[in-house]
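> can you look at this prediction? I've put the sequence above it.
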Amino acid sequence: MEISYWQSRWRKNKTGWHMDEVYPLLPDLWPSLSLKAGARILVPFCGKSVDMQWFIDKYFHVTGVDVSEKALHAFMERSSNPFTSQHQYGFSVFRSENIELWQGDFQKLPVAGMPSFDAIYDKAALIALPEEMRLKYAQKVLQCSGPETQMMLQTFEYEQDEMTGPPFSVDEQEIRRLYGKQFDLALLRQKQKPELRGKFQRRGLSSYLIEKVYHLKPKN
């Protein structure tokens with residue numbers, strides 16, 4: 001899953017993971033984090049997600065990161081606010097009211113030059129990566145996390161040997177290995193996804209597909 005893979009998917013409009021509407025569980029589950037207006041939200045692998053606009057409308061400050069210039073421009077074109085642009089730390093950075101979009105490799109995000117994030121919104125980011133890349137990604141997420149940072153994490157679980165990802169299957173045991181030293185885990189929602197299982201049948205999936213959403217709270 002090199003950067004060129006995702007850039008190619010965006011160029012060819014092969015973005016089946018993208019949702020044109022707000023993630024349905026977001027309005028119900030996000031209040032579990034009890035964040036105040038003005039909180040800073042990091043969205044790795046943000047693409048052109050409309051969830052970012054939902055955060056802005058709720059008066060949060062968003063930092064989105066993605067390798068695809070096309071995806072970020074698509075988000076900006078839908079916005080009613082103008083954006084400025086500049087180059088920083090090897091990234092193209094686009095800024096508008098309550099949002100920054102960093103175009104480049106998430107692993108190279110200059111965390112030291114950024115304020116602390118209050119929350120990280122991982123919607124289909126961790127599960128976009130094969131197992132051998134997930135540890136490195138999680139380590140970067142931990143670098144972006146301060147002592148009060150929370151996380152909302154969405155995953156899928158299925159029999160990995162039935163289908164190659166993405167999305168990949170990530171179970172609770174792996175999440176605890178990746179994040180358990182810094183975070184306590186709370187399962188907010190789990191649901192069978194028969195409509196997606198049908199979509200993935202042509203790729204070999206034949207048993208089950210479960211979506212889970214977790215709230216990761218800092219250990220105190």
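That came through fine.

> helices and strands around the longest helix along the chain, which ones?
Ranked by number of residues, the top helix in the chain under DSSP state H is helix 131-143. Helix 131-143 sits against helix 172-179, with contacts defined as 3 or more C-beta pairs under 8 Å, 6 or more residues apart in numbering; DSSP states H and E. From N, CA and C alone the C-beta is placed, and that goes for glycine too.

> extract the CA atoms of the helix it packs on and return them as PDB.
Extracted in PDB, the C-alpha atoms of helix 172-179 (Å, rounded to 0.1, in the frame of the first residue of the first chain):
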ATOM      1  CA  GLU A 172      -9.800  -5.800  19.200                       C
ATOM      2  CA  GLN A 173      -6.800  -7.800  20.200                       C
ATOM      3  CA  GLU A 174      -4.700  -6.000  17.600                       C
ATOM      4  CA  ILE A 175      -6.000  -2.600  18.600                       C
ATOM      5  CA  ARG A 176      -5.000  -3.300  22.200                       C
ATOM      6  CA  ARG A 177      -1.500  -4.300  21.000                       C
ATOM      7  CA  LEU A 178      -1.200  -1.000  19.000                       C
ATOM      8  CA  TYR A 179      -2.800   1.400  21.500                       C
END
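
> what angle separates the helix or strand that it is followed by from helix 172-179?
Of the helices and strands lying after helix 172-179 in sequence (DSSP states H and E), the nearest is strand 183-192. Angle of strand 183-192 versus helix 172-179, following axes from the mean of the first three to the mean of the last three C-alpha atoms, to 10 degrees, is 150 degrees.

> what's next to strand 183-192, contact-wise?
25, 29, 32, 151-152, 172, 175-176, 179, 208-219 (C-beta atoms under 8 Å, 6 or more residues apart in numbering).

> tell me the strands beside it, with direction?
strand 210-218 (antiparallel) (DSSP bridges).

> just to revisit the earlier point, how far away from the center of its chain is the longest helix of the chain?
Computed by C-alpha atoms, centre = their mean, to the nearest Å, the chain-centroid distance of helix 131-143 equals 13 Å.

> same question for stretch 155-170.
17 Å.

> and what of stretch 31-50?
The answer for stretch 31-50 is 10 Å, by C-alpha atoms, centre = their mean.
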